[in-house]
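Q: Fold the following, please.
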Amino acid sequence: MDYVIRKAKLDDRPAIGRLIEASARSLSRGDYSERQIEAAVASVFGVDTNLILDGTYFVAESAGTLIGCGGWSKRRTLFGGDRYAARDSGELDPESEPAKIRAFFVHPDYARRGIARAILSACESEAGARGFRSAELMATLPGLKLYRACGYEGDGLVEYDIGDGVRIEFVPMRKELR
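A: Modelled structure (predicted):
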């Protein structure tokens with residue numbers, strides 16, 4: 001399968017949004033309820049414009065179609081798109097704080113083909129080149145296998161209220177980059 005990984009552009013936001021919704025609605029089914037998935041799509045899972053503006057968000061593209069996305073951040077926000085209220089855009093100190101791995105989604109038709117792993121590798125390389133010694137993320141339950149296979153550690157579940165009394169579980173994870 002041929003695809004390229006490139007930096008996301010502001011013009012990609014609508015396509016990224018559709019990709020996120022398709023990924024969440026399909027690949028999350030074994031781990032989250034329908035109600036959790038729809039609440040997450042409405043509030044937490046979504047495009048984070050700051051990642052695009054910072055130049056730290058990547059997309060995988062095949063034949064003009066976005067098939068994967070993910071990024072890293074130098075900002076404090078650990079997860080959540082533009083619609084998620086609990087965000088902190090303050091900048092991190094790469095000497096003492098980990099970079100944030102953020103917003104990874106793969107279109108269900110292209111899942112488990114190494115796309116997320118390739119994007120993650122690009123993120124880790126870039127964060128390391130910018131001085132970050134480690135990276136952390138808030139893994140969705142469907143993402144655990146990928147992150148563990150890529151060297152991230154963590155197994156304690158945390159729950160977040162994502163609106164309308166719906167709670168969703170994540171796993172905080174971390175990896176040393178150098």
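Q: only C-alpha atoms for contact and neighbour calcs from this point on.
A: OK.
Q: what packs against the helix or strand hosting Glu136?
A: Element membership for Glu136 (DSSP states H and E) is strand 134-140. Using 3 or more Cα pairs under 8 Å, 6 or more residues apart in numbering; DSSP states H and E, the elements in contact with strand 134-140 are strand 99-106, strand 166-176.
Q: Single out the most deeply packed of the ones you listed.
A: strand 99-106 (a mean of 26; mean count of other Cα atoms under 10 Å).
Q: where's Ala122, which helix or strand?
A: Assigned by DSSP H and E, Ala122 falls within helix 115-129.
Q: quick one: buried residues of that helix?
A: Neighbour counts using 16 or more other Cα atoms under 10 Å place 115-117, 119-120, 122-124, 127-128 of helix 115-129 among the buried residues.
Q: and of those, the nearest to Arg13?
A: Checking these against Arg13 with Cα to Cα, the nearest one is Ile119 at 17.4 Å.
Q: Does Leu19 touch Thr65 like I think?
A: No - using Cα atoms under 8 Å, Leu19 is not in contact with Thr65, being 9.6 Å away.
Q: Closest to Arg148 out of the buried residues of helix 115-129?
A: Here the nearest of the buried residues of helix 115-129 to Arg148, counting by Cα to Cα, is Arg117; it sits at 11.1 Å.
Q: Relative to Cys123, how far out is the closest one?
A: 10 Å (Cα to Cα, to the nearest Å).
Q: still on that earlier bit, higher neighbour count, Leu19 and Thr65?
A: More crowded of Leu19 and Thr65, by other Cα atoms under 10 Å: Leu19, with 23 against 12.
Q: Report the spatially nearest residue to the most centrally placed residue in the chain, omitting neighbours in sequence.
A: Nearest to the mean C-alpha position of the chain, by Cα atoms, centre = their mean, lies Ala103 at 1.9 Å. Using Cα to Cα, 6 or more residues apart in numbering and skipping the chain neighbours, the partner closest in space to Ala103 is Gly70 (5.1 Å).
Q: Okay, and the one you found sits in which element?
A: Take DSSP H and E as the rule and Gly70 turns out to sit in strand 65-73.
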